[in-house]
Structure formats: structure tokens, C-alpha cells
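Peer 1: Based on what follows, work out the 3D shape:
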Amino acid sequence: MTAPHTSAEALSPPAPAWVGEFVLLSSLWGASFLFMRLGAAEFGPLPMAGLRVLMAALFLWPFLLHRGEWPALRRHWRPVLFAGLINSAIPFALFAWAVMHIATGLTSILNATVPLFGALVAWLWLGDRISRLRWAGLALGFVGVALLAWRAPAGVGASGSQAGWAIAACLLASTCYAVAASYARRYLVGIPPLATATGSQVGAALGLALPMWWAWPAQTPSLRAWAAIAAIAVLCTGIAYILYFRLIANAGPSRALAVTFLAPVFAVFYGAVFLGEAVTPWMLGCGVVIACGTALSTGLVGGAVRPGTKAS
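Peer 2: Numbers count the residues shown, from 1 in each chain. This is a model prediction of the structure:
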């Protein structure tokens, strides 16, 4: 199956023009799982997610005004704000809850299923054609997810049932990202990346405002927790989303979603070094299976189909 293909992807610039941003975005999103664990441990999932998008919006807003892209956001505010709900508010909250119950490395591997779900969503919603090779890739990827969930290690103090629910939360969050990618292709094409990034964080902040207030912790969080949220807001959200929407515009949606292949490498490394998380051969093996299936299902291996082809 193919992931969303656009004329921008077909005419994408040479690799050196975007590969640096690809690696940088992977390292930033890989670090987000570490910062989520540190922040959610004291703030809780909903306040952490709400503060993340609020700080990201405040960080991006001056750049939006300086670049003169406020008129673009004002013209397209409805679809951009809605994109923030499905691309930030819901998945951020789900992942923030999940990292409290399973290892950050495992969470990042599950996040690598985003292109798998993205391929399915593009087929169901946008009519992208699925070849037999891509169907095989989808099957392989989901087998990898099932095997990973079967022997998923729970986090410290977490029960097996909590680990199961955390895995489900990760997969639901990944589905949200997949829907958001096709939504961006359909409704956000032509909007400047900075306007999309800023507006989506504003929309997410509005969506999480009441849940954040309702779940605010009774005990004052430490400076370390505040620093973790500031880092995830500025680096892993504000700057990262500018890079993400630039990749969609310059390299195409399937290549942008493929960032999730490399992000787990950074996330597993950060978790092992800074949190002392165990990295099991089973996790790594299942991660390879998921990555191979995703590469096949998105057309990164086995060739690409023509843009605009529809399912029969």
C-alpha cells in the first residue's frame, strides 16, 4: 500500500536538502518520550500535555507575527485548530499516560506504527492504491506489533493490565497521527508551515485547557519537571512541528511519517542512558519487524506508485 503521495513528494528536492532536517526531527521526537516521562511523573498526563502545547504555542507565536503569516492562519483557522486536536492534544495526552506504565523505548517503538496506520487511512479516506507488496508490509507490521504487545515489559510498579492499556493508548495515539497526516494533505495544503504549526498548537491548547485545569496536581512540581516540559514544548513540539510540516511540504507525507523509523533509535538510547531502562532483544527484534513492514507498506521499499492513483 502507498502512503499519501503528492506532487510535492514527486518533485521533492535532492536528499541533502531535507535529510538533515529529517535526522534532527527524529532526534527531537526521540527525546520527547524521555521528557514526557520526567514531566508526567509529577504533573500527570493531562497537565503535562496541556502545558506542552500551551508553551509551544507561546514560543511559536512571535515567529508567526515576525514572518507575517498571521493572515494565513486567520484565513484558515478552522481546519488548522482542528488539526491541533487530532495531531497534538489527543496523542500527546495518550502518550503521556502510556510512558508512566511502560518503558519510553517501548513507547517509541509503538509510535513507529504511525506510517502503517497512515497507509491504511490514506487508502480508506483518500483512495490511495494498495499493491500486494504493500498489503504484505501491513500484515508484517501488525504482526510485529502483536508480538511486541504479547511480551511487553511493564514499567516500574505497573501491572500487566496497565501495560496492556498503555500499549492500546500508544496505538490509538499513532492512529490519531495517521488521520492527521491525511487530514493535512486534504485540508492544509498551501498553508505556510509556521502558520500550521502555531495554529495547531493553539487549537490543542484550547482543547486541553479544561482537562489541564481539572487534573492539575495538588503538590507543586519540581524545577526538573518544569524544565522537562519546557524542553518538550520548545524543542520537541515548537521547533519539531515546524520541521515536520516543512518535511510534508518538501519531501512528501510518507517521508515525513517515516521519521518514526529513526526516532525509536534515539528514544531507546535516551531511555537506557538517562533512565536506566532495559533494552531486551525481543523489543529490538519486534522493532525491526515493525520497521520492515512499515517500509514495505509506505512504498519506501519496493518502489512507489504514481501520485493520485486510486484504489480499485
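
Peer 1: Flag the shaky bits of this structure, pLDDT-wise.
Peer 2: 1-17, 152-160, 253-255, 257, 298-312 (pLDDT under 70).

Peer 1: center of it - which residue?
Peer 2: Tyr177 (5.7 Å; CA atoms, centre = their mean).

Peer 1: Is it correct that that residue is in contact with Pro115?
Peer 2: No - the pair Tyr177 / Pro115 is not scored as a contact, 9.4 Å apart, by CB atoms under 8 Å. The way it works is simple: take the backbone N, C-alpha and C, and place the C-beta from them, glycine included.

Peer 1: Quick check: the nearest residue to Ile86 once chain neighbours are set aside vs Leu133, distance?
Peer 2: Nearest residue to Ile86, sequence neighbours excluded (CB to CB, 6 or more residues apart in numbering): Ala180, at 4.7 Å. Remark: distance between Ala180 and Leu133 (CB to CB, to the nearest Å) = 26 Å.

Peer 1: Looking at these two, which has the bigger crowd around it?
Peer 2: With other CB atoms under 10 Å as the criterion, Ala180 and Leu133 differ in neighbour count, and Ala180 comes out ahead with 24 against 14.

Peer 1: which stretch of helix or strand covers the more buried one?
Peer 2: For Ala180, the element it lies in under DSSP states H and E is helix 160-187.

Peer 1: thinking again about what came up before, if we ignore the residues flanking it in sequence, what's nearest the residue nearest to the centre of the chain?
Peer 2: Val114 (4.7 Å).

Peer 1: ok, so what distance separates that neighbour from Leu51?
Peer 2: Distance of Val114 to Leu51, given as CB to CB: 24 Å.

Peer 1: neighbour count winner among these two?
Peer 2: The neighbour count for Val114 versus Leu51, taken as other CB under 10 Å, is higher for Val114 (27 against 23).

Peer 1: Quick check, that one in contact with Ala178.
Peer 2: Yes - contact criterion CB under 8 Å: Val114 and Ala178 qualify, at 5.7 Å.

Peer 1: State whether Gly276 is indeed within a helix.
Peer 2: No - looking at Gly276 with DSSP: H, G, I helix; E, B strand; the rest coil, it is coil, so not inside a helix.

Peer 1: Ramachandran angles for it?
Peer 2: Phi and psi for Gly276, reported as degrees, to the nearest 10, are phi 70, psi 30.

Peer 1: repeat for Gly44
Peer 2: Backbone torsions of Gly44, given as degrees, to the nearest 10, read phi 90, psi 160.

Peer 1: Could you tell me the end-to-end distance of stretch 104-121?
Peer 2: 26 Å (CA to CA, to the nearest Å).

Peer 1: distance between that stretch and the chain's centre?
Peer 2: 8 Å (CA atoms, centre = their mean, to the nearest Å).

Peer 1: So for that stretch, what gets flagged as buried?
Peer 2: With burial defined by 16 or more other CB atoms under 10 Å, the residues of stretch 104-121 counted as buried are 104-121.

Peer 1: Narrow these to those in helices?
Peer 2: 104-111, 114-121 (DSSP state H).

Peer 1: how deep is the closest residue to Trp125 other than its chain neighbours tucked in, by neighbour count?
Peer 2: Of all residues not flanking Trp125 in the chain, Ser182 sits nearest, at 5.3 Å (CB to CB, 6+ apart). Ser182 is flanked by 23 other residues according to other CB under 10 Å.
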